[in-house]
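**Q** Based on what follows, work out the 3D shape:
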Amino acid sequence: MLKKYMTALDSPDVAELVGDLDGEELGVVFRLLPRQIAAEVFSLLELEKQEHLLEVLYGEALAGILNEMPPDDRTELLEDLPEDVATRLIGSLSPAERQVATDLLRYPEDSIGRLMTPEFVAIDAGATVRGVLDHLREVAPQKETINVLYVVDSDGRLIDDISLEDLVLAEPDSVVGEIIDRHPVSLQATADREEAVDIIKKYDAVALPVVDETGIMVGIVTIDDVMDVAEEENTEDFQKMAGVGALEEPYFATTYPEMLRKRLPWLAMLFAAEILTVLALTNFQNTLNVAMFALIVLFMPLVNATAGNTGSQMAGLVIRGLAVREMEPGHWWRILMRELALGSTMGVILGVLGVVAAMVLLSLGQAGASMSDVSRWSNAIAVGVSITAAVIVANLAGAMIPLLFKRLGMDPAVTSGPFLASIMDVTGVMIYFSVASGILVLLQTT
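**A** From the prediction side, this is the model:
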């Protein structure tokens, strides 16, 4: 009964159902599934569940699933496993599948070669449309996709691609070479997999051919695999923006020592950066009297928080713009001029709000009860001017630092969040205390 129910469902639905199972129950369900469905469901599970199944399945059941898995999904599994386990699993494959797995794993890590599948439909430019469709009916069940077919020469070099729709609409006796434009878009097998994301997005393609350095076609990359890469890259960027080293596994699958290794160094680095803030405060404490220092410190969170928020906001815009190719490091001058104007406008407006807030707080609070109106206004103006200056600087820093990191070949995502906030804490303190103490000292001497 259970087997009948499970086989009636689509593979994604089965994967969702069995994803909540643990222990031997998960193995029992998989043994009930037909081999091809089991392989499809296995490919859709999280890595943690896949590793668990590798422990509870054995013999022909495990070998059958691995042999039926799409080569690209199997490669992703094998590269995430310990080397000894991956070697053992490769040894359980059939000779043909073992060769495929070995060939794909020879490509560099994070390359397009490890993302691709060699299961594509190759056709000859001299074939007729009728002949191609007949051939397609024979080979389609063994291929990753038949939405796009690839025209190659006798040596396997890519000539062009053609959609199934174009073939169906063409005259049956037409020759393939007469209905293609011979301007294919392809990927290099050794290129970084992020390139596949950009090109598929640019050409709105469902699949792209992959060639080696001589132009020989070695596989295809499909949009579902590219979407997985895009998700991984976005997740990595979000983690870096939060001040965390990119996690290689899901949260619950990440071990305690690994989580410490990913988080603690960043926190220690940020802690060291905040020491600079304390040093700056200590320096000003030595030059100001106690009453003036205490009064200035009262409004420090307002200035620092406003500057930090401005910098993080701008950094987020630039980082996303770089990610989606809306901007590049070469645009730095245009961005600088634009953000100088925007930062100045926002700084003045927020500075005026700062003056109002400071006057209200000093009028209502104990710290300003004994102050004259002139003293309250001088403090409020110091706060307002400091906010204006801090916002302008933070806005420019948030725009320029990610561009600089990108130019140096580093991930600009690390400049957002805690990293930039720490920089702005130090900068904000220096700006605020310099401006505020200067104004207050000037007013006291006049």
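**Q** what about the helices in the stretch 251-400 of the chain?
**A** Using DSSP state H, counting those that start in this stretch, the helices of the stretch 251-400 of the chain run over 256-287, 290-298, 300-323, 332-364, 373-407.
**Q** Would you mind listing the buried residues in whichever strand or helix holds Asp134?
**A** Using DSSP states H and E, Asp134 sits within helix 129-139. Neighbour-count burial for helix 129-139, counted by 16 or more other C-beta atoms under 10 Å, picks out Val129, Gly131, Val132, His135, Leu136. To be clear about C-beta, it is placed using only N, CA and C from the backbone, and glycine gets the same treatment.
**Q** quick check: mean pLDDT across the helix or strand encompassing Asp225?
**A** Element membership of Asp225 [criterion: DSSP H and E] is helix 223-241. Across helix 223-241, pLDDT averages out at 78.
**Q** ok, now stretch 109-129?
**A** 90.
**Q** how close does the closest residue to Asp73 other than its chain neighbours get to Leu32?
**A** Spatially, and ignoring its direct neighbours in sequence, Asp73 is nearest to Ser43 (4.0 Å; C-beta to C-beta, 6 or more residues apart in numbering). According to C-beta to C-beta, to the nearest Å, Ser43 stands 18 Å off from Leu32.
**Q** out of the two, which sits in the busier spot?
**A** Set Ser43 next to Leu32 and count neighbours by other C-beta atoms under 10 Å: Ser43 wins out with 19 against 14.
**Q** Pull the contacting residues for the more buried one.
**A** Met69, Pro70, Asp73, Arg74 (C-beta atoms under 8 Å, 6 or more residues apart in numbering).
**Q** I'd say the first one and Phe42 touch.
**A** So that's Met69. Yes. Using C-beta atoms under 8 Å, Met69 is in contact with Phe42, at 6.5 Å.
**Q** Looking at the two, which one has more neighbours?
**A** Between Met69 and Phe42, Phe42 has the larger neighbour count (other C-beta under 10 Å), namely 26 against 23.
**Q** ok so the more buried one is a helix residue?
**A** Yes. Applying DSSP: H, G, I helix; E, B strand; the rest coil, one finds Phe42 inside a helix.
**Q** My read is that it contacts Gln50, right?
**A** Yes. With contact defined as C-beta under 8 Å, Phe42 and Gln50 form a contacting pair (6.4 Å).
**Q** So, low pLDDT: which residues of the protein?
**A** For the chain, the stretches flagged by pLDDT under 70 are 1-9, 19-25, 27, 58-60, 241-243, 285-292, 294-295, 365-372, 415-418, 440-446.
**Q** Domain ranges for it, per the record?
**A** For the chain, the domain assignment from automatic domain parsing gives the residue ranges 2-106, 122-223, 251-445.
**Q** what about Asp80, distance to Asp73?
**A** According to C-beta to C-beta, Asp80 and Asp73 sit 11 Å apart.
**Q** I misspoke; the intended subject was Asp153.
**A** 30 Å.
**Q** ok, the two, which is more surrounded?
**A** The neighbour comparison of Asp153 against Asp73 (other C-beta under 10 Å) goes to Asp73, with 19 against 14.
**Q** And that one, which helix or strand is it part of?
**A** helix 71-80.
**Q** What residues sit buried inside that helix?
**A** By neighbour count on 16+ other C-beta under 10 Å, the buried set for helix 71-80 is Pro71, Asp72, Asp73, Arg74, Thr75, Glu76, Leu77, Leu78.
**Q** Tell me the one among these nearest to Ile37.
**A** Among the buried residues of helix 71-80, Asp73 lies closest to Ile37 (C-beta to C-beta), at 14.3 Å.
**Q** Now do the buried residues in stretch 304-314.
**A** Asn304, Thr306, Ala307, Gly308, Asn309, Thr310, Gly311, Ser312, Met314.
**Q** could those residues be laid out in JSON lines, adding distance to Ile431?
**A** Compiled in JSON lines, the buried residues of stretch 304-314 are given as follows (distance: C-beta to C-beta, whole Å):
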{"residue": "Asn304", "distance to Ile431": "10"}
{"residue": "Thr306", "distance to Ile431": "11"}
{"residue": "Ala307", "distance to Ile431": "8"}
{"residue": "Gly308", "distance to Ile431": "12"}
{"residue": "Asn309", "distance to Ile431": "15"}
{"residue": "Thr310", "distance to Ile431": "12"}
{"residue": "Gly311", "distance to Ile431": "12"}
{"residue": "Ser312", "distance to Ile431": "17"}
{"residue": "Met314", "distance to Ile431": "17"}
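**Q** now, among these, which is nearest to Tyr432?
**A** Nearest member of these to Tyr432, counting by C-beta to C-beta, is Asn304, at 7.5 Å.
**Q** Where does the closest residue to the closest one other than its chain neighbours sit: helix, strand or coil?
**A** Spatially, and ignoring its direct neighbours in sequence, Asn304 is nearest to Gly428 (4.2 Å; C-beta to C-beta, 6+ apart). Following three-state DSSP, Gly428 is assigned to helix.
**Q** wait, doesn't Gly428 sit right on Ala390?
**A** Yes. The criterion here is C-beta under 8 Å, and Gly428 meets it with Ala390 at 4.9 Å.
**Q** Hmm, Leu33 and Val14 touching each other?
**A** Yes. Using C-beta under 8 Å, Val14 is in contact with Leu33, at 7.3 Å.
**Q** can you tell me which residues contact the nearest residue to Leu281 once chain neighbours are set aside?
**A** Counting by C-beta to C-beta, 6+ apart, Val429 is the residue found nearest to Leu281 once chain neighbours are left out, at 6.3 Å. Counting by C-beta under 8 Å, 6+ apart, Val429 touches Thr277, Ala280, Leu281, Met300, Asn304.
**Q** mind listing what the last one touches?
**A** Asn304 is in contact with Ala390, Met424, Asp425, Gly428, Val429, Tyr432, counting by C-beta under 8 Å, 6+ apart.
**Q** As TSV, the contacts of Ser43 with distance to Met410 would be great.
**A** As requested, those are exported to TSV (distance: C-beta to C-beta, whole Å):
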residue	distance to Met410
Met69	36
Pro70	34
Asp73	31
Arg74	33
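**Q** Kindly indicate which of those residues lies nearest Asn379.
**A** Asn379 lies nearest to Asp73 out of the contacts of Ser43, by C-beta to C-beta, at 64.5 Å.
**Q** Confirm Tyr150 sits in a strand?
**A** Yes. Assigned with three-state DSSP, Tyr150 falls within a strand.
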